[in-house]
Each structure stands twice: as C-alpha cells, then as structure tokens.
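> Okay, sequence plus prediction incoming.
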Amino acid sequence: MKRNRGAVISFLLALSMMLVFVASVGLVAAQSDDDKDRDQSDIEKRIKNAADVLDEIMGVKDTAIPDKIMSEAECVAVVPSMVKIAIGFGGSHGKGVATCRTANGWSAPAPFSITGGSWGLQIGGQAVDLVMLVMNEKGMHALLSSKFKVGAGASAAAGPVGRDAAAGTDWKMKSEILSYSRARGVFAGVDINGSKIAQDRDETRILYGKMVPFATILSGKVTAPRGSDPFLAAVRKYSRAVGNQGSLVTPSASANTAQ
C-alpha cells in the first residue's frame, strides 16, 4: 500500500515538473514572439518616420531640396532623429533606410546605420533629421558595398537648398553624395565627410526575416516588405523627373532620351 502511495506521489511530482517545464518554455516563446513583434514595430515606425521627414522637408519648396536634384538622385537615404552630442568634441549616431533606382522603379528599403564626428561647433545635444542623396554611379557602388567611410569611398558635400538653388552650381561634377540636415526647424546642407555608413544587419533580419545583403536589396532583387509603402511612395513622389509626368527612369536613360 505504502509502495503504491509512494509511486503515485513520485508520478505526481514528475508530472508537476513536466507541466512547469512546458509552461516555462511557452512563456519564453511568448516573450520571444513579443520581442520580435516589438522589433518589427520599431523598424516599421522608422520607415514611416523617414517618409514623414521627406514629406515635411519637401512640403516647403522655398527651403526644400531642389526638384532637379531629387529627380536625378540614384539613391535616397533618410535618417530620422539622428542623435548629435557635443561638449567641445562631439559625435553622432543614427539609423535609417535607403532605396535606389532600378530598372523596375525604386528598390525595397535597406536599413543602415551612420556614425560620425561632430558637424559644426555646438554644446549640448539634439536630434537631427538627415537626408542623403547619392548622385552618380560611383556613389551608388560605395553604398552597395554595405560599409564605407564618407569622403574615402565616396565624396560628400552640403546640398543646395531652395527652389532655384540647383541652377549655376557644379554639385553634379564634384560630389557623389549630397547631404542635408534639419534641426529645430532649420533645414540646410551639411557636410558628413568622415562619417561611417554600414548595413544594419540586425534590422535587416527583422525586416526581411533573414540576413539579405545590402546590394541584393538595393539592386531590386527582393520584394518590398510590409510597412515600407509610405517611404517608397514619398521617394517616388518627390523624385519624379522634371517635365516627365512622374515616370520612373534612371538619370542616364533620361539623358539618352533627351539626346
């Protein structure tokens, strides 16, 4: 009788331990799913914020990126709320998304990070919206490499601002990348030479469910994931070739047609 009772107690203890183990595994799995959903939400929010930055900047034509420059950009990269900190010597770090022209329109967005030194003399910290336009093939190749230093892999210059700012400038001959920043409502060109740009591998895995090379994404070989429509729609809207009723053509194709 005692032997049977001991066997029953042992069985119940083993069963209880199994139930606790299964519940723990389920809790960990649920937490993991919650973390994944939260991460997915963060990158989708960043993509949406990048679209908002373009809409707000391009909404005021007198202080916007000139239409001609936007229409000839090979790639568009936006970093919403890049953090700048400076006390004498400063630094900056931010995350954003980029897209490039392909034969079939604009590519799916590719997450990247940018880290650099201080831009200008300042004390304290602030969040800055950064827009970078890759203007030629050399700049595009540097971006496709997934990791490069601005100024070494590709030269950069502060981009002209305003409705007629593109006229009479030699920006196209000198720089692979034109860059702009917006802080506290002021929008202007900014020098980002010395900054390091690299693919954000963690956010790429979150956005696409696996690691996809930068060049594969930006060359148009993957389908745009959920949540990327606002950013791509904004890029399409503001990069329409001037006088071409918004059709998506590469700058080289546009030049050939004109000839």
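Yes, it's here.
> In the helix or strand hosting residue 178, which residues are buried?
Counting by DSSP states H and E, the element that carries residue 178 is strand 177-183. Within strand 177-183, the residues scored as buried using 16 or more other CB atoms under 10 Å are 177, 178, 179, 180, 181, 182, 183. Yep, even glycine has a C-beta here, placed from its N, CA and C like the rest.
> From those residues, which shows the smallest pLDDT?
Across the set of those, residue 183 stands lowest in pLDDT, at 79.
> before we move on, back to that, let me have the buried residues of strand 177-183 in CSV, extended by distance to residue 109.
Conversion of these to CSV gives the following (distance: CB to CB, whole Å):
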residue, distance to residue 109
177, 18
178, 20
179, 19
180, 19
181, 20
182, 20
183, 24
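> Quick one: residues contacting residue 128.
Contact partners of residue 128, counting by CB atoms under 8 Å, 6 or more residues apart in numbering, are 81, 82, 83, 84, 92, 94, 181, 182, 183.
> ditto for residue 196
114, 115, 116, 147, 148, 149, 150.
> Need the max-distance pair from those.
Of all pairs drawn from the contacts of residue 196, the one with the longest distance (CB to CB) is 116 and 147, at 13.9 Å.
> Between those two, point out the one with more neighbours.
residue 116 (23 against 14; other CB atoms under 10 Å).
> A helix includes the more buried one, no?
No - the assignment for residue 116 (DSSP: H, G, I helix; E, B strand; the rest coil) gives strand, which keeps it out of a helix.
> tell me the contacts of it?
The neighbourhood of residue 116, defined by CB under 8 Å, 6+ apart, consists of 91, 92, 150, 192, 194, 195, 196.
> export stretch 203-210 as PDB, just CAs?
Listed next in PDB are the C-alpha coordinates belonging to stretch 203-210 (Å, rounded to 0.1, in the frame of the first residue of the first chain):
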ATOM      1  CA  GLU A 203      17.300  45.300 -38.500                       C
ATOM      2  CA  THR A 204      17.700  43.700 -41.900                       C
ATOM      3  CA  ARG A 205      17.000  40.300 -40.300                       C
ATOM      4  CA  ILE A 206      14.000  41.800 -38.500                       C
ATOM      5  CA  LEU A 207      12.600  43.400 -41.600                       C
ATOM      6  CA  TYR A 208      13.200  40.500 -44.100                       C
ATOM      7  CA  GLY A 209      13.100  37.500 -41.700                       C
ATOM      8  CA  LYS A 210      16.700  36.700 -42.600                       C
END
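> tell me which residues of it are tucked away?
Counting neighbours by 16+ other CB under 10 Å, stretch 203-210 gives 203, 204, 206, 207, 208 as buried.
> what is the mean pLDDT for that stretch?
Regarding stretch 203-210, the rounded mean pLDDT is 94.
> rewinding a little: widest-spaced pair of the buried residues of strand 177-183?
The span of the buried residues of strand 177-183, defined through CB to CB, is set by 177 and 183 at 19.2 Å.
> picking up where we left off before, drop anything exposed from the contacts of residue 116.
With neighbours counted using 16+ other CB under 10 Å, the contacts of residue 116 contain these buried positions: 92, 150, 192, 195, 196.
> Please verify my assumption that residue 149 contacts residue 195.
Yes - taking CB atoms under 8 Å as the definition, residue 149 is a contact partner of residue 195 at 7.4 Å.
> who does residue 149 bridge with?
Here residue 149 sits in beta bridges with residue 196, as judged by DSSP bridges.
> Ok, residue 182 next?
Listed beta-bridge partners, residue 182: residue 129, residue 187 (assigned using DSSP bridges).
> Pull the contacting residues for it.
For residue 182, the contact set (CB under 8 Å, 6+ apart) comprises 53, 57, 128, 129, 131, 188.
> repeat that for 7 Å
For residue 182, the contacting residues are 57, 128, 129, by CB atoms under 7 Å, 6 or more residues apart in numbering.
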